[in-house]
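Asks: Here you go, sequence then predicted model.
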Amino acid sequence: MFSQYFGHYLLNKGLLTTEQLKQALDQQKSTHVKFGVIAVDKGFLTSAQVEEIHEKQKKQDKRFGEIAVDLGLLSNDQVEQMLAAQKSNHLLLAQSIVDNNLMTIDEFSNSLNEYKKLYSLSDERFEAIKNGDIDAMVESLLHSSSNEIKEFIDYLSLFIKNMIRFIDDQVYIELSSVSGEVETDWLVLQEIQGEAPLLTALAASEEMFLQIASIYAEEELTEACELAQASVSEFLNLHNGIYLVNMSNRGIELGMAPQSVQSEAVFLFDEDTSLHITVHTSKGEFKLIITKQPQSSKVSAKIQETPAIM
C-alpha cells in the first residue's frame, strides 16, 4: 500500500504526473529492485559509490554486493540486509520510477526524507510505514487532525485491511475536505450502536458501485440490481462485523443496525465529529464517511434540475 500512498504524495507535490504514476505503479509489479537503489535508500552508499560499483561490474563477473564488499564499501551484514529488503514495496516503486527516468535515485530518496519530516515520523515509525504497516500509515495520515478524529484510527486501519483482503490490493486513501455534505449516485449506510456509536457510509458513483459489487459478488454486474446493492452493503456489513469483534476483544460491546442502500442521495453529517476519506483503488475512487453522531446525520434525495423549456 505504501507505493500507492507515497506515489500520490509525489503526484501532489508535482514530481510525477498522473500518467507517470500509473505507469510506475503498473510496472512495479514486474520490477526487480536493484542493489544500488536499496543501498542508497538505506544510506549505505551514495549514488556516486553505486556508479563506481556499476563501472566495476562492466569489467568483472561479480555481483553488486561482492564488489561492494571487496571495495570496503559494504559489510557482509549490510549485503544480507539488502537481500532481505529487495522485495520492499516502496523500493519497487523507486526502481520503476528510476528505470523510466522519471526521477533519479537521489531525488526519490530526498522525497522520502521530506515526507518523513512532513509527518514528523521517527525512524522506527518510518520503517514500519515503508514496510506496509497500515496502522502506522493511518496514524501518519491523521497526525495533524484533532483528537476527535484520531479516535477513528482503529476503524480506518481495519477498513483498509478489509479493502485489501476482499476488494482491491491497490488502495490509497486521503483526507477529503469536510463540508458536511456528500452528493452521490449510491449511498450505503450502517449504524454501529452502543457505548461508542458510529454511522458508517460508503458513497460511490454508479460505475464504482458496480466495480465493488462485481468484485465482492465474484461476477460481472452491469447494472445496480438487487444483487449489486446486496453485495456492496454486505461488504460494509462484513467490515463492521469484524470491527465489532475487535472492539469486543477490548471490552467494548457494540451492535449493528441493518444496512440501507439509497440511490441519488445527499448525505448530511456533522463535520466536527466526522471523518471523510477518499478511497482510491485500481478501478476508481469512492468516499468513506464515519460520523460519531448518527442522530445528527440526514439522508435526502438529490434535487434534479428541471430542463429549461426553449
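Replies: Thanks, I have the structure now.

Asks: Worst mean pLDDT across the helices and strands of the chain, which element?
Replies: Of all helical and strand segments in the chain, the minimum by mean pLDDT, DSSP states H and E falls on helix 147-150, at a mean of 56.

Asks: Can you list the buried residues in the very next helix or strand once past that one?
Replies: Moving toward the C-terminus from helix 147-150, the next helix or strand (DSSP states H and E) is helix 153-166. Residues Ile153, Tyr155, Leu156, Ser157, Leu158, Phe159, Ile160, Lys161, Asn162, Met163 are the ones in helix 153-166 that count as buried (16 or more other Cβ atoms under 10 Å). Every C-beta, even on glycine, is put in place using the N, C-alpha and C of the backbone.

Asks: Please identify the longest strand in the chain, counting by residues.
Replies: Scanning the chain for the longest strand, with DSSP state E as the assignment, gives strand 181-194.

Asks: any idea how far the spatially closest residue to Gln170 that is not a sequence neighbour is from Gly36?
Replies: Distances taken as Cβ to Cβ, 6 or more residues apart in numbering place Ser282 nearest to Gln170, at 4.0 Å, with adjacent residues excluded. In this view, Ser282 and Gly36 are 29 Å apart by Cβ to Cβ, to the nearest Å.

Asks: Gln4: neighbouring residues, count only.
Replies: Using other Cβ atoms under 10 Å, Gln4 has 20 other residues around it.

Asks: That one touches Leu25, doesn't it?
Replies: Yes: in this structure Gln4 lies within contact range of Leu25 using Cβ atoms under 8 Å: 6.7 Å.

Asks: In a strand, Gln170, correct?
Replies: No: Gln170: not assigned to a strand; according to DSSP: H, G, I helix; E, B strand; the rest coil it is coil.

Asks: And it, its phi and psi?
Replies: Backbone torsions of Gln170, given as degrees, to the nearest 10, read phi -100, psi 70.

Asks: show me what contacts it?
Replies: Gln4, Leu25, Thr281, Ser282 (Cβ atoms under 8 Å, 6 or more residues apart in numbering).

Asks: what about 10 Å?
Replies: For Gln170, the contact set (Cβ atoms under 10 Å, 6 or more residues apart in numbering) comprises Met1, Ser3, Gln4, Leu25, Asp26, Lys29, Met163, Ile164, His280, Thr281, Ser282, Lys283.

Asks: can you pull the contacts of Ser260?
Replies: Neighbours of Ser260 in contact, by Cβ under 10 Å, 6+ apart: Leu187, Val188, Leu189, Gln190, Glu191, Ala201, Gln229, Ser233, Val299.

Asks: now the residues you listed: which count as buried?
Replies: Counted by 16+ other Cβ under 10 Å, the contacts of Ser260 give Leu187, Val188, Leu189, Gln190, Glu191, Ala201, Gln229, Ser233 as buried.

Asks: Out of these, the closest to Leu71 would be?
Replies: Distance to Leu71 across the buried ones among the contacts of Ser260 (Cβ to Cβ) is lowest for Ala201, with 58.2 Å.

Asks: Need the max-distance pair from the contacts of Gln170.
Replies: Checking those with Cβ to Cβ, the most distant pair is Asp26 and Met163, at 19.2 Å.

Asks: From the contact counts, what lies against the helix or strand harbouring Asn113?
Replies: Here Asn113, judged by DSSP H and E, is contained in helix 105-118. Judged by 3 or more Cβ pairs under 10 Å, 6 or more residues apart in numbering; DSSP states H and E, helix 105-118 is in contact with helix 2-12, helix 35-41, helix 47-57, helix 89-99, helix 123-130, helix 134-141.

Asks: and with 7 Å instead?
Replies: Identification of packing neighbours for helix 105-118 by 3 or more Cβ pairs under 7 Å, 6 or more residues apart in numbering; DSSP states H and E yields helix 2-12, helix 35-41, helix 89-99.

Asks: follow-up on the earlier one: how much space between the residue nearest to Gln170 and Asp168?
Replies: Ser282 is 6 Å from Asp168, by Cβ to Cβ.

Asks: again with Tyr155
Replies: Per Cβ to Cβ, Tyr155 is found 19 Å from Asp168.

Asks: ok so, going back, neighbour-wise, which one of the contacts of Gln170 leads?
Replies: Ser3 (24 neighbours).

Asks: For the residue nearest to that one when sequence neighbours are not counted, report the pLDDT, please.
Replies: Leaving aside its sequence neighbours, Ser3 sits nearest to Leu93 (Cβ to Cβ, 6+ apart; 4.2 Å). You'll see Leu93 listed with a pLDDT of 83.

Asks: Could you do Ala301 as well?
Replies: Reported pLDDT for Ala301: 82.
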